[in-house]
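A.B. asks: Dropping a prediction and its sequence here:
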Amino acid sequence: MHVLPDANGLPHLVGVSAGNTHDSEELKPMVQGHQTRHDPHRRRYFKPQRLHADKAYDRADLRRRLRGKRIGVRIARKGIESSER
């Protein structure tokens, strides 16, 4: 199962994939499926500002894709950051 929650832990998207599918492969469809919320009263769009993920998502193509969508990235780096943090 893959869950894309907001900062308060409220799930926005939930996905299910096969057990042998790597977690990082499911991030692209989840981000594409996330719709930007529109507030007509304030004439603003709300989009995710930052994505926090564990080392399984440490791939250069994922980082580029998220930065291209102007989403900040906070992904633990393999071999550099401790899993305690």
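C.D. replies: That came through fine.

A.B. asks: In three-state terms, label the spatially most central residue of the chain for me.
C.D. replies: Centroid-nearest residue in the chain, with C-alpha atoms, centre = their mean: L51, separated by 4.7 Å. Following DSSP: H, G, I helix; E, B strand; the rest coil, we place L51 in the strand state.

A.B. asks: For it, which residues are in contact?
C.D. replies: 31, 66, 71-75 (C-beta atoms under 8 Å, 6 or more residues apart in numbering). (Each C-beta comes from the backbone N, C-alpha and C, glycine too.)

A.B. asks: now the residues you listed: which count as buried?
C.D. replies: 31, 66, 73, 75 (16 or more other C-beta atoms under 10 Å).

A.B. asks: for the top helix by length along the chain, packing partners?
C.D. replies: As assigned by DSSP state H, the longest helix anywhere in the chain is helix 60-68. Judged by 3 or more C-beta pairs under 8 Å, 6 or more residues apart in numbering; DSSP states H and E, helix 60-68 is in contact with helix 27-33, strand 72-75.
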